[in-house]
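Novice: next one to model:
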Amino acid sequence: MGLPADRRAGSPLDNGNSLALDRVEPGPRNLHVLPQAGVGTDKPVAWEETPMREVTNLMDHYRIVAQTIWNVGFWPKPELQNWDSWDRFEEIKRLLFNSLVVAQLQEGDECCKDLSTVNQIYQVVPSDPGPVPIMIHRPREGDRNRYWDDPVNEIKASDAELHFLDYFDWNDMGYVDFRYYRVRIAAFPSQPHLVGREALVERHHAGVFAVPTSGRQADR
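Specialist: The predicted structure is shown next:
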């Protein structure tokens, strides 16, 4: 399916800010991320262990609040079903994300500091033991629409590193449920040509984890 490219470029994480319930999963947890070796061999991929804090509940709370604001405040009014309204909604989402996710992850005096100083990557990790469906953007030369039909259509947690950008719905002007995580592929050792592309993963197939950047480049 194709979508206008300029309507999908934004993210609640723009300007270094992060966007997402009522609690954070106990953490930190050490999960395997960042493939280092063994790709294409019979040996298991070697991983660097990085502290990761599960924030799936926070993110889902943010999603529910955001979709309620659109579905109750904007969508029922035909005069508000336009791109100007959607742009204003995107601004509201950034404020919500900072308040409902970022602020909840800060501790002690940190909660009172400028949220733009928070350095986190929000990593989407498939939660199923086997491969899960993924729709990866496949660009067409000279076509600014977005097509989510790359031949690579399954992924396992050990295959790639996926960075959260936003939630996704097929029809911005309709009733939204934000069924998908929209992510950027940050690493994919067996498919390096896909690094940097955006992709869609259904929420029920994955969880979200906050990872300190520690000098790594966060998505903007």
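Novice: residues touching the closest residue to V201 other than its chain neighbours, list them.
Specialist: Counting by CB to CB, 6 or more residues apart in numbering, Y181 is the residue found nearest to V201 once chain neighbours are left out, at 4.9 Å. For glycine as for every other residue, the C-beta is placed from the backbone atoms N, C-alpha and C. By CB atoms under 8 Å, 6 or more residues apart in numbering, the contact list for Y181 reads V124, L162, F164, Y167, F168, L200, V201, E202, R203, A206, V208.
Novice: what about the first one, how many neighbours?
Specialist: I take that to be V124. V124 sits with 26 neighbouring residues when counted by other CB atoms under 10 Å.
Novice: which residues in the protein form strands?
Specialist: Read by DSSP state E, the chain holds these strands, from start to end of the chain: 2-4, 29-37, 46-54, 120-126, 132-133, 135-136, 145-147, 154-155, 161-168, 180-187, 198-202, 206-212.
Novice: can I get these in JSON lines including distance to V65?
Specialist: What follows is the strands of the chain, written out as JSON lines (distance: least, CB to CB, whole Å):
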{"stretch": "strand 2-4", "distance to V65": "24"}
{"stretch": "strand 29-37", "distance to V65": "25"}
{"stretch": "strand 46-54", "distance to V65": "19"}
{"stretch": "strand 120-126", "distance to V65": "17"}
{"stretch": "strand 132-133", "distance to V65": "26"}
{"stretch": "strand 135-136", "distance to V65": "25"}
{"stretch": "strand 145-147", "distance to V65": "26"}
{"stretch": "strand 154-155", "distance to V65": "28"}
{"stretch": "strand 161-168", "distance to V65": "11"}
{"stretch": "strand 180-187", "distance to V65": "17"}
{"stretch": "strand 198-202", "distance to V65": "20"}
{"stretch": "strand 206-212", "distance to V65": "16"}
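Novice: and those strands: which comes nearest K93?
Specialist: Of all the strands of the chain, strand 161-168 sits nearest to K93, with 7.8 Å by CB to CB.
Novice: what's that closest one packed up against?
Specialist: With contacts taken as 3 or more CB pairs under 8 Å, 6 or more residues apart in numbering; DSSP states H and E, strand 161-168 sits against strand 29-37, helix 56-68, strand 120-126, strand 180-187, strand 198-202.
Novice: please redo it, this time with the cut-off set to 7 Å
Specialist: strand 120-126, strand 180-187, strand 198-202 (3 or more CB pairs under 7 Å, 6 or more residues apart in numbering; DSSP states H and E).
Novice: buried stuff in the shortest one?
Specialist: So that's strand 198-202. E198, A199, L200, V201 (16 or more other CB atoms under 10 Å).
Novice: now distance to V72 and pLDDT too, for those, in TSV please.
Specialist: Formatted as TSV, the buried residues of strand 198-202 follow (distance: CB to CB, whole Å; pLDDT from 0 to 100):
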residue	distance to V72	pLDDT
E198	28	96
A199	30	97
L200	25	97
V201	27	97
